[in-house]
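**Q** predicted model and sequence follow; I will ask about them next.
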Amino acid sequence: MDFSPLRDAMSSHSYDKIADICDDIMLQFATQGVPFQDEWPYAIHLLGHIYLNEINSARFLWKSIPPAIKESRPEVVAAWKIGQCLWMRDYAAVHEAIRGFSWSHDAQDLVASFSELYTKKMFELLLSAYSTISIQDAARFLGMSEDDATKYVLGRGWTVDQASQMLTVKKQPAMTEQKLDPSKLQRLTEYVFHLEH
């Protein structure tokens, strides 16, 4: 089996391509009638879909994995645990699922990259959904200790009220500035000139 495209994507940290690469290789093997289930990198494949937030695809892949593989490869089960937490929208449990398993060398960087991406996504969610939030809740969403979460959000301009243990969200200013392209201005001028004459 030739997994070189997958190895190349992993080594170049092109994690957004992993799911498609795995899907393509799996389809090739299936159409050629090559038995692949025993050697297939199911954990990486699942994590590739999870990385792209393709939870439905991860769910269907999970359902297609033979029970013997699920029983013999704990990393596959651990990868699906992350998918389950995302499926159930249990945001805090996603971080617990990530930290709750000792990932293989192949999966470590992918999981770490997903964790960082997911933390940023949760921060953006908090930013858009809250004007104030407790330190405890922010820490739960961000998957950090209360001290680390406080440092994380303070570094992004939020403020903390130590007495109430509440964080005040600093909303990002909406970008409404439009840049005028000189070529567009020239075309508009020519168009108006043409209409007037």
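**A** Received the coordinates, thanks.
**Q** distance of residue 147 from residue 45?
**A** Distance of residue 147 to residue 45, given as Cβ to Cβ, to the nearest Å: 36 Å. C-beta: built from backbone N, CA, C; applies to glycine.
**Q** next: residue 4.
**A** 16 Å.
**Q** and those two? Which one has more around it.
**A** More neighbours surround residue 45 than the other of residue 4 and residue 45, with 25 against 9 (other Cβ atoms under 10 Å).
**Q** run a quick neighbour tally on the closest residue to that one other than its chain neighbours.
**A** Distances taken as Cβ to Cβ, 6 or more residues apart in numbering place residue 22 nearest to residue 45, at 4.1 Å, with adjacent residues excluded. Neighbour count for residue 22, taken as other Cβ under 10 Å: 24.
**Q** same deal with residue 139?
**A** 22.
**Q** after the host helix or strand of it comes which helix or strand?
**A** Following DSSP states H and E, one finds residue 139 within helix 135-142. Using DSSP H and E, the next helix or strand after helix 135-142 towards the C-terminus is helix 146-154.
**Q** what about that next one, distance to the chain center?
**A** Here helix 146-154 is found 21 Å from its chain centre; the criterion is Cα atoms, centre = their mean, to the nearest Å.
**Q** what helices or strands is whatever helix or strand comes next after that helix leaning on?
**A** Note on helix 146-154: by DSSP H and E, the next helix or strand toward the C-terminus is strand 159-161. If you count contacts as 3 or more Cβ pairs under 8 Å, 6 or more residues apart in numbering; DSSP states H and E, strand 159-161 packs onto helix 146-154, strand 166-168.
**Q** tell me the strands beside strand 159-161, with direction?
**A** Applying DSSP bridges, strand 159-161 is found paired with strand 166-168 (antiparallel).
**Q** so how far is the strand it pairs with from its chain's centroid?
**A** 26 Å.
**Q** state the mean pLDDT of it.
**A** Averaged over strand 166-168, pLDDT sits at 92.
**Q** quick one: buried residues of it?
**A** 166, 167 (16 or more other Cβ atoms under 10 Å).
**Q** which SSE is immediately downstream of that strand?
**A** Next along from strand 166-168, by DSSP H and E: helix 182-196.
**Q** give me every residue that touches the spatially most central residue of the chain.
**A** In the chain, the residue lying closest to the centroid (Cα atoms, centre = their mean) is residue 51, at 4.3 Å. Residues near residue 51 by Cβ atoms under 8 Å, 6 or more residues apart in numbering: 15, 16, 18, 19, 110, 113, 114, 117.
**Q** in helices, which of the residues you listed fall?
**A** Of the positions in these, 18, 19, 110, 113, 114, 117 sit in helices, assigned by DSSP state H.
**Q** let me know the closest of these to residue 158.
**A** Of all those, residue 158 sits closest to residue 117, with 20.5 Å by Cβ to Cβ.
**Q** nearest spatial neighbour of residue 127, chain-adjacent residues omitted?
**A** residue 169 (6.1 Å).
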